[in-house]
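Participant: How does the following fold in three dimensions:
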Amino acid sequence: MSRAVQVLRALRLRLFGPAKELMGTDQFGNKYYRVPKHETRAGQIIPERRFVEAINSEAYRYEMGDFPTEWEAWIRKRRKDPPTIEEILKNESYREEMKQKIKDVSEKDKLLQAKEYKEGLVAEPAHTQVKGHASAPYYGKKEPSQDPMSTANTFQPGSWMPPGSGSSHNK
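Facilitator: The predicted structure is shown next:
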């Protein structure tokens, strides 16, 4: 490599910082990059930066699960090395296996509960209907009317006094 190319490369590095490095791509097509730690021409040290160029450029349209958890952990620097596609696929199959096991255990539990209810080993839960909430000011009383109430015809400015004030004018 010629000396001129080396000088130009060093100058670009000092002026603009290092180029981003492609670290990997996930199964959705999102690309993950890293900009290594570097020093600016003013001498300021810039820490390593990790980011994703998403396949969907509209950031507000992302939902949970759009990025694999392994890549998200790498982006947030919870792991040192970027994940491999084999690791992601292995973890995904493990998650699916766990979902199936949870579903099976839940179904077995429902069948066992039904059997216990039928045999009288366990009392069935009582079905009660409660209106309102215990912290509501009208709990156990007639609920407030939904019809609007107005005092516009009888309102007199300055006529209201707080309860317990005792006097009819301000001091």
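
Participant: from here on, contacts and neighbour counts on C-alpha atoms
Facilitator: Will do.

Participant: Could you tell me which ranges of this protein sit under the pLDDT cut-off?
Facilitator: When residues are selected by pLDDT under 70, those of the chain lie in 1, 13-17, 57-65, 128-152, 155, 165-171.

Participant: what about the strands in it?
Facilitator: 21-25, 31-35, 38-39, 45-46, 49-53 (DSSP state E).

Participant: Tell me which other helices or strands the fourth one touches.
Facilitator: Read it as strand 45-46. Applying 3 or more Cα pairs under 8 Å, 6 or more residues apart in numbering; DSSP states H and E, we find strand 45-46 packed against strand 38-39.

Participant: Report the distance from the strand it packs on to the chain centre.
Facilitator: In terms of Cα atoms, centre = their mean, to the nearest Å, the centre of strand 38-39 is found 33 Å from the chain centre.

Participant: can you give me the angle the longest helix anywhere in the chain makes with strand 21-25?
Facilitator: Longest helix of the chain, by residue count under DSSP state H: helix 85-119. Using axes from the mean of the first three to the mean of the last three Cα atoms, to 10 degrees, the direction of helix 85-119 lies 40 degrees away from that of strand 21-25.

Participant: So which bits of helix 85-119 are buried?
Facilitator: Within helix 85-119, the residues that count as buried by 16 or more other Cα atoms under 10 Å are I88.

Participant: list the helices and strands that helix packs on?
Facilitator: Applying 3+ Cα pairs under 8 Å, 6+ apart, one finds that helix 85-119 makes contact with no other helix or strand.

Participant: Could you say which of the strands of the chain is packed most deeply?
Facilitator: The highest mean neighbour count among those, using mean count of other Cα atoms under 10 Å, belongs to strand 31-35: a mean of 19.

Participant: still on that earlier bit, so can I have CSV of the strands of the chain showing distance to G158?
Facilitator: Formatted as CSV, the strands of the chain follow (distance: least, Cα to Cα, whole Å):
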stretch, distance to G158
strand 21-25, 71
strand 31-35, 67
strand 38-39, 69
strand 45-46, 65
strand 49-53, 62
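
Participant: These: which one's closest to D109?
Facilitator: strand 21-25 (41.2 Å; Cα to Cα).

Participant: got the contact list for the closest one?
Facilitator: With Cα atoms under 8 Å, 6 or more residues apart in numbering as the test, strand 21-25 has contacts from K31, Y32, Y33, R34, V35, P82.

Participant: circling back: T154: which of the strands of the chain is closest?
Facilitator: Of these, nearest to T154 by Cα to Cα is strand 49-53, at 64.9 Å.

Participant: Kind regards, and thank you for your time.
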